[in-house]
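Visitor: whatever this is, show me its structure:
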Amino acid sequence: MSLPPGVAYLNGEFVPIAEAKISVLDWGFLHSDATYDVVHVWKRRVFRLDAHLDRFWRSAEKLHLTMPVERGKLAEILAECVVRSGLEDAYVEMILTRGISPTFSRDPRDAENQLICFSIPFVWVLPPEKHGTGLSVAVSEVQRIPPESVDPTVKNYHWLDFVTGLYDAYDRGAGSVILQDRSGNLAEGPGFNVFVVKDGTIATPDRGVLEGITRRSAIQIAAKMNIPMEERPVSSTELFAADEAFATSTAGGIIPITQANGAPVGSGHPGPITCTLAKAYWDKHSDPDWSVAVEDFLAETGG
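Guide: Here you go, the predicted model:
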């Protein structure tokens, strides 16, 4: 099997991505008992690292996981993965699993938590050459796992609802899927948040979704541009009647949604608000308030 180039960190060592392996006894593998976060590097600049680290720490605390390194050390490990991989644009993931119980105890408190990090080439929800045509989605009848069962603000690997929904979307000729909640409101897609635009106002679901860092970025950029933004329940009918729609993800930024359930969204082309926000989002990658050069970060930490 051919794997993408990259570098991983686990068990205190940096190794080629092809050599990065975890035990079959790790609770992360056996029970999806883990949290993770993904930061991206664009043109050798780490984007919104502090926001990602904040969320990673909150997620670990909610799951009663113990981070084995300090925050500064983790940031240094992530940067070192990028430097060792030699990548200009990278998808950088940090994972904290429940780990392994030395006695294979069924008590999660007995497990020794494990930190894993890796850097691979940048990953896209929708390849950049297709942003001009946009993302085609299906709104599936598969329901998103309710927040009463699994807290969606904790980034997690509970993706069987997404995977089931994706196969539903593929069978209908769509490229991706949006799941709904039990009330028929839009939730999110596999790895992305959803926004709809109607009469110049943007709306995005406010419950049952991951509070994405790119989602937050879009909200903040819209506020700076005085574009009205509402965080509230959004029904599936609002997507079908929208003037335009877009997804937000670390894996691609602000991504136009141009087709839903086989019908065009708005004009069927990326809308003006989507395009304006997308340009501003990528422009922010050179803003020192939102990004830092990988080499500068390592110099600051002594790495």
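Visitor: going forward, measure contacts and count neighbours with C-alpha atoms only.
Guide: OK.
Visitor: as a check, name the ranges of all strands in the stretch 151-300 of the chain.
Guide: When secondary structure is read from DSSP state E, counting those that start in this stretch, the stretch 151-300 of the chain shows strands at 176-180, 193-198, 201-204, 229-231, 244-249, 253-260, 263-264, 291-293.
Visitor: which other residues reach the last one?
Guide: Residues from elsewhere that reach strand 291-293, judged by CA atoms under 8 Å, 6 or more residues apart in numbering: R44, R45, V46, F47, R48, L49, K284, H285.
Visitor: dump the strands of the stretch 151-300 of the chain to JSON lines, plus mean neighbour count and mean pLDDT.
Guide: Output for the strands of the stretch 151-300 of the chain, formatted as JSON lines (neighbours: other CA atoms under 10 Å; pLDDT from 0 to 100):
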{"stretch": "strand 176-180", "mean neighbour count": "26", "mean pLDDT": "98"}
{"stretch": "strand 193-198", "mean neighbour count": "24", "mean pLDDT": "98"}
{"stretch": "strand 201-204", "mean neighbour count": "20", "mean pLDDT": "98"}
{"stretch": "strand 229-231", "mean neighbour count": "16", "mean pLDDT": "98"}
{"stretch": "strand 244-249", "mean neighbour count": "27", "mean pLDDT": "98"}
{"stretch": "strand 253-260", "mean neighbour count": "27", "mean pLDDT": "98"}
{"stretch": "strand 263-264", "mean neighbour count": "16", "mean pLDDT": "98"}
{"stretch": "strand 291-293", "mean neighbour count": "19", "mean pLDDT": "94"}
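Visitor: just so I know, which of these lies nearest I100?
Guide: Nearest to I100, of all the strands of the stretch 151-300 of the chain, is strand 244-249, at 31.2 Å by CA to CA.
Visitor: hmm, A241 is touching V265, no?
Guide: Yes. Here A241 lies in contact with V265, judged by CA atoms under 8 Å, at a distance of 7.2 Å.
Visitor: which of those two has more neighbours?
Guide: Remark: of A241 and V265, V265 carries more neighbours, 25 against 15, as counted by other CA atoms under 10 Å.
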